[in-house]
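1. this one's sequence-less:
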């Protein structure tokens, strides 16, 4: 409902017709009617599906919220419209979207926050490009367009700098840790942080040089590890050092990444190596 429509509901010739609680009820009823008239046909055609997951509220707690999600048929229809419009965009859909909950919602939001932070931090003459999140990378892995196999980064991107007239492309892998993964499993499971670093090391030794996704890039990637707390960050650094002393792994907290000054993200001292040295990501 537009502001002009709202004004016609509540005012006539400068006289207030509804106020207070009556106005609140009128707005709520209008929104419910608009939702029913808009969403019901889409539900009837099975283009969207309503789910009621536990999601994060603004106060950080969890609450059940009715959430409308595109079905596979709905995603195909949107893709058809995008193709007809010549938009060149690709809809990413999988059955996993129906499994939204407070955990993966928070993870997805944090990945977007990181993307926004880097987009703001990378300014001319640097160029930020090639962002792909975990869903896009999993699709590429299924299609054989990358040598990633068991496990993909939460996101990848490239920052390009021009030095002495020559372009230098620096690839980065993002690992966003929300404390839901065991640092070192004691029962042989492979869903732990130590096993993840071991997979990265095997990939860098063999898979990365042959990966078509990074063909033409002249620098090895840097893995950016972002944790939600300083204590968790220290545990991840210690576990990583037990596997490799490589400086390709850099560590910071989510708060330092998204809440600090933009210029600190690339050239500041918010990033640590496994040895605790603080180094900038890039020298501009």
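-> Thanks, I have the structure now. Keep in mind it's a predicted model, so treat the numbers as computed, not measured.

2. tell me who's in contact with residue 176.
-> Residues in contact with residue 176 (CB atoms under 8 Å, 6 or more residues apart in numbering) are 107, 110-111, 114, 154-155, 226, 254. Using the backbone N, CA and C atoms, a C-beta is placed for each residue, glycine as well.

3. switch to 7 Å and redo it
-> 107, 110-111, 114, 154, 226 (CB atoms under 7 Å, 6 or more residues apart in numbering).

4. from these, pick the one nearest residue 213.
-> Ranked by distance to residue 213 (CB to CB), those are led by residue 154 at 15.3 Å.

5. run a quick neighbour tally on the closest one.
-> 20 (other CB atoms under 10 Å).

6. check residue 143 too.
-> If you count neighbours by other CB under 10 Å, residue 143 ends up with 8.

7. how about residue 164?
-> Residues contacting residue 164 under the criterion other CB under 10 Å number 5.

8. now swap in residue 195 and tell me
-> By other CB under 10 Å, 19 other residues sit near residue 195.

9. what of residue 140?
-> 16.

10. please name the nearest non-neighbouring residue to it.
-> Using CB to CB, 6 or more residues apart in numbering and skipping the chain neighbours, the partner closest in space to residue 140 is residue 146 (4.8 Å).

11. what does the pLDDT read for that neighbour?
-> Per-residue pLDDT puts residue 146 at 93.

12. helix/strand/coil for residue 219?
-> With DSSP: H, G, I helix; E, B strand; the rest coil as the basis, residue 219 sits in coil.

13. what pLDDT does the model give residue 183?
-> pLDDT, read off for residue 183, is 70.

14. doesn't residue 193 make contact with it?
-> Yes. With contacts counted by CB atoms under 7 Å, residue 183 reaches residue 193, the gap being 4.8 Å.

15. looking at these two, which is more packed in?
-> More crowded of residue 183 and residue 193, by other CB under 10 Å: residue 193, with 21 against 16.

16. partners of residue 177 in the sheet?
-> residue 227 (DSSP bridges).

17. what ranges does the stretch 51-200 of the chain have for its helices?
-> 72-84, 102-121, 134-142, 193-202 (DSSP state H, counting those that start in this stretch).

18. would you single out the least confident of these?
-> Here the lowest mean pLDDT among the helices of the stretch 51-200 of the chain goes to helix 102-121, at a mean of 84.

19. ok and that one relative to helix 134-142, angle-wise?
-> Here helix 102-121 runs at an angle of 100 degrees relative to helix 134-142 (axes from the mean of the first three to the mean of the last three CA atoms, to 10 degrees).

20. how far does helix 102-121 sit from its chain's centre?
-> With CA atoms, centre = their mean, to the nearest Å as the basis, helix 102-121 stands 4 Å off its chain's centre.

21. again with stretch 75-93
-> With CA atoms, centre = their mean as the basis, stretch 75-93 stands 21 Å off its chain's centre.

22. what comes up buried for it?
-> Residues 75, 77, 79, 93 are the ones in stretch 75-93 that count as buried (16 or more other CB atoms under 10 Å).

23. which two among those are spaced furthest apart?
-> 77 and 93, at 11.1 Å, using CB to CB across the buried residues of stretch 75-93.

24. and the most centrally placed residue in the chain, how far from residue 280?
-> The residue lying closest to the centre of the chain (CA atoms, centre = their mean) is residue 111, at 2.6 Å. Distance, residue 111 to residue 280, by CB to CB, to the nearest Å: 23 Å.

25. double-check that residue 242 belongs to a helix.
-> Yes. With three-state DSSP as the criterion, residue 242 is part of a helix.

26. how about it, nearest residue that isn't a chain neighbour?
-> Nearest to residue 242 is residue 194, by CB to CB, 6+ apart, at 7.0 Å.

27. isn't the one you found up against residue 241?
-> No. Residue 194 is beyond contact range of residue 241, at 10.7 Å (criterion: CB under 7 Å).

28. can you check the pLDDT for residue 176?
-> 93.

29. the residue nearest to residue 182 when sequence neighbours are not counted - how many residues pack around it?
-> Once flanking residues are discounted, residue 182 sits nearest to residue 192: 4.3 Å by CB to CB, 6+ apart. Using other CB under 10 Å, residue 192 has 18 neighbouring residues.
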